[in-house]
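# Could you look at this predicted model? Sequence included:
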Amino acid sequence: MANSEKPRLIVAISGASGIAYGLRALDACRELGVESHLVMSRSSALTLDQETELTVADVQARADVAHKAGDVGASIASGSFQTLGMIVAPCSVRTMSEIATGVTASLLTRAADVTLKERRPLVLMVRETPLHLGHLRTMVKLTEMGAIIAPPLPAFYAKPQSLEEMVDQSVGRALDLFGLAWKPVKRWGLDVGPVKGGA
C-alpha cells in the first residue's frame, strides 16, 4: 500500500454462531484507523437476526466499505488490491471447507482464496464443537495452505467480567496476528499475571 493510504483489513462474517466477533472486529478497525472491507455470507443474515436486534444495514454501516456476497468482481477479489489480510469472524465449517477446496462460489471465499495466494494472513475464527475427523483434516489442510485457525476461546487468565470482555479478548488476540494492537486486550505480564519487572 502507498504510504498515504490507510491500512486495509477484510472482515468477513459467515453464518456460524458468534456474530459478535465480526461486529467487534469492525469496531476495532475503526478505533485503530484501519479501513475495513466487509463481506457477509448470505446465511449470516439469519444468525444476525437470531443473535442481535441489528439489521444487515446496521452491520454494513460499521464498515468503511461493504461488499455484496455475489460481487465476485469487487476490489477484494483481486490480489492487486493491497490489504493486511482477512479475518473470518465467525467462520462456519461450510465456509472453512469451501476455502480449503479452492472452489470459491462467493466473494467471501474468493477473497479468502486471494488472501492465501498473495501470502497474506488469513485468520479463521472457526465456531464448531465437537470436531470430527473431517473437520480436523480440513483445518490441517488450511494450515498447510497458510491459513491460521484461531477458534475464539475464552482467556480466563484475563479474568473477564462480562461476555463482552470475553469477545473483545478473542477478537483482539486475532487482530494481533495482523500486527494490530487493540486496547481492550489484556496481556500476560503487562495487565494480568506476573507484572513485568516485578519481584
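Perfect, I can see it now.
# who touches the nearest residue to Arg120 once chain neighbours are set aside in this structure?
Counting by CB to CB, 6 or more residues apart in numbering, Arg120 lies nearest to Gly85, which is 4.1 Å off, once chain neighbours are set aside. For glycine as for every other residue, the C-beta is placed from the backbone atoms N, C-alpha and C. Neighbouring residues of Gly85 by CB atoms under 8 Å, 6 or more residues apart in numbering: Leu9, Ile10, Thr115, Arg120, Pro121, Leu122, Val123, Leu177, Phe178.
# mind listing the helices for this protein?
19-32, 44-51, 56-61, 93-101, 107-117, 133-145, 163-176 (DSSP state H).
# Out of these, which gets nearest to Ile76?
helix 107-117 (4.4 Å; CB to CB).
# Give me the phi and psi for the residue nearest to Arg120.
The phi/psi pair for Gly85 (degrees, to the nearest 10) reads phi 140, psi -160.
# Report the separation between Leu180 and Glu5.
Relative to Glu5, Leu180 is positioned 16 Å away (criterion: CB to CB, to the nearest Å).
# Please say which of those two ends up with more neighbours.
Leu180 (19 against 9; other CB atoms under 10 Å).
# Quick check: chain neighbours aside, which residue is closest to the more buried one?
Leu180 sits nearest to Leu32 (CB to CB, 6+ apart), 5.6 Å away.
# In space, what's closest to the most centrally placed residue in the chain - neighbours in sequence excluded?
Centroid-nearest residue in the chain, with CA atoms, centre = their mean: Ile87, separated by 2.8 Å. Nearest non-adjacent residue to Ile87, counting by CB to CB, 6+ apart: Val123, 4.5 Å away.
# beta partners for the one you found?
Taking DSSP bridges as the rule, Val123 bridges to Ile87, Ile148.
# any idea how far it is from Gly146?
Val123 is 11 Å from Gly146, by CB to CB.
# Neighbour count for those two, which is higher?
Val123 (23 against 14).
# ok, now which ones touch the more buried one?
So Val123 contacts Gly85, Met86, Ile87, Val88, Ala89, Ala147, Ile148, Ala150, Ala174, Leu177, Phe178 (CB under 8 Å, 6+ apart).
# redo that, cut-off 10 Å
Shown in contact with Val123 (CB atoms under 10 Å, 6 or more residues apart in numbering): 9, 25, 85-89, 91, 115, 147-150, 173-178.
# same check, this time on Leu48
Leu48 sits in contact with Ile13, Gly15, Ile19, Gly22, Leu23, Met40, Leu54, Thr55, Val56, Asp58, Val59, where contact means CB under 10 Å, 6+ apart.
# Local confidence estimate at the last one?
Same thing as Val59. pLDDT recorded at Val59 is 98.
# before we move on, back to that, thinking the residue nearest to the centre of the chain is in contact with Arg8, fair?
No. Contact between Ile87 and Arg8 fails when scored by CB atoms under 10 Å: they sit 12.0 Å apart.
# Please consider this matter closed, and thank you.
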